[in-house]
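[1] Sequence and predicted structure, then a few things I'm wondering about:
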Amino acid sequence: MAEPSAAVQGASSGAQALRGVGRFCRRKPLGALGAFIVIALLVMAVFAEQLAPYGYDETVRGSRMKPPSAAHWLGTDNLSRDMWSRIVFGARVSVTVGVATVGLAVFLATAVGVSSGYFGGAYDLVVQRVVDAWLSFPYLVIVLSVMAVLGPGLLNVVLSLAVLIAAVNSRVIRGATIAVAQSTYVEAARALGCGHARIILWHILPNVAATVIILATIGLGTAILAESALSFLGFGVPPPYPAWGAMLSGSGRTYMFRAPWMAIWPGVAISLAVFGFNMLGDALRDLLDPRLRGLAR
């Protein structure tokens, strides 16, 4: 009797999940489109070897700067490399940089924002003045300075962007933490003798998780755009590994009039990736924020 009940429960949970997806698509069509773009980007990044007909640095004899065709869907570049293959492998670079940057930035921002908002006092004053001083510098100057010292590379790009994004997000997380820390259930936990670690882990973090998720989703688009800008300027992932910004800057800009597809497709890929993450982040913000949910009703 246990097996049929488990099967029925599994079918009902699957039906509920499908109804939830359909409800999300009806209420947030742009968010659903963004989610589709994000899923496609993740599939391209994970299964690049299976989706790309050629290697990212493999030359095809006799196919220099060929326009889009059945043999080469997005054409070829000046070194006879398939553009579709390079776009697919470039998605892996963008996803890796975006996920690693946002993961590190969210961890730092949560640690700084939650501790600053919860403890307050002199600690909050000192931390926020450091954050204000850091944010007073133009972000491009900071990133270029860090990259000039560390040099180009995937790890250096992640570190330089994560520190900058963490400073911005920590202010938002601090505000959410202050609102939660003043609630009655946190005061009740203090009255019962709960320590700071228990209050933060069991009461503060679960209630600021929605804010953290929204910041992470929107920050992915920002990180991808920033990585493309650094690659365009020559401070991103070094060649021959493809990066969309480097493809747009190097041969794409040089041969823009002879072979415009070399500049068009990397630009389209960057735009779609940023659009997808931004639309998904906006939809998640509307769904997870109870105040916005009330206004929607």
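    Ah, there it is.

[2] hey, where'd the helices end up in the protein?
    Under the criterion DSSP state H, the chain contains helices at 2-27, 29-46, 48-51, 83-119, 121-135, 139-150, 154-181, 184-191, 196-199, 205-233, 244-249, 251-254, 261-288, 290-296.

[3] With respect to burial, which of these scores highest?
    Most buried of the helices of the chain by mean neighbour count (mean count of other C-beta atoms under 10 Å) is helix 244-249; its value is a mean of 25. Heads up, the C-betas are built off the backbone N, CA and C, glycines and all.

[4] So which elements touch that helix?
    Under the contact criterion of 3 or more C-beta pairs under 8 Å, 6 or more residues apart in numbering; DSSP states H and E, helix 244-249 touches helix 83-119, helix 205-233, helix 261-288.

[5] so which of the helices of the chain gets nearest V60?
    For the helices of the chain, proximity to V60 was assessed by C-beta to C-beta; helix 83-119 is nearest, at 9.5 Å.

[6] for the record, mean pLDDT for stretch 218-234?
    The pLDDT scores in stretch 218-234 average 85.

[7] Now do that stretch: distance to the chain's middle.
    With C-alpha atoms, centre = their mean, to the nearest Å as the basis, stretch 218-234 stands 10 Å off its chain's centre.

[8] List every C-alpha atom in that stretch, with coordinates, as CSV.
    Extracted in CSV, the C-alpha atoms of stretch 218-234 (Å, rounded to 0.1, in the frame of the first residue of the first chain):
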residue,chain,number,x,y,z
ILE,A,218,20.1,40.6,-10.8
GLY,A,219,23.9,40.6,-10.0
LEU,A,220,24.5,37.8,-12.5
GLY,A,221,23.5,40.1,-15.4
THR,A,222,25.7,42.9,-13.9
ALA,A,223,28.7,40.5,-13.5
ILE,A,224,28.4,39.2,-17.1
LEU,A,225,28.2,42.8,-18.5
ALA,A,226,31.2,43.8,-16.4
GLU,A,227,33.2,40.8,-17.5
SER,A,228,32.4,41.6,-21.2
ALA,A,229,33.5,45.2,-20.6
LEU,A,230,36.8,44.0,-19.1
SER,A,231,37.3,41.6,-22.0
PHE,A,232,36.5,44.3,-24.5
LEU,A,233,39.3,46.5,-22.9
GLY,A,234,41.7,43.6,-22.9
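
[9] ok, back up a step: need the helices and strands packed on helix 244-249 in TSV with distance to W244, can you?
    Output for those, formatted as TSV (distance: least, C-beta to C-beta, whole Å):
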stretch	distance to W244
helix 83-119	5
helix 205-233	5
helix 261-288	4
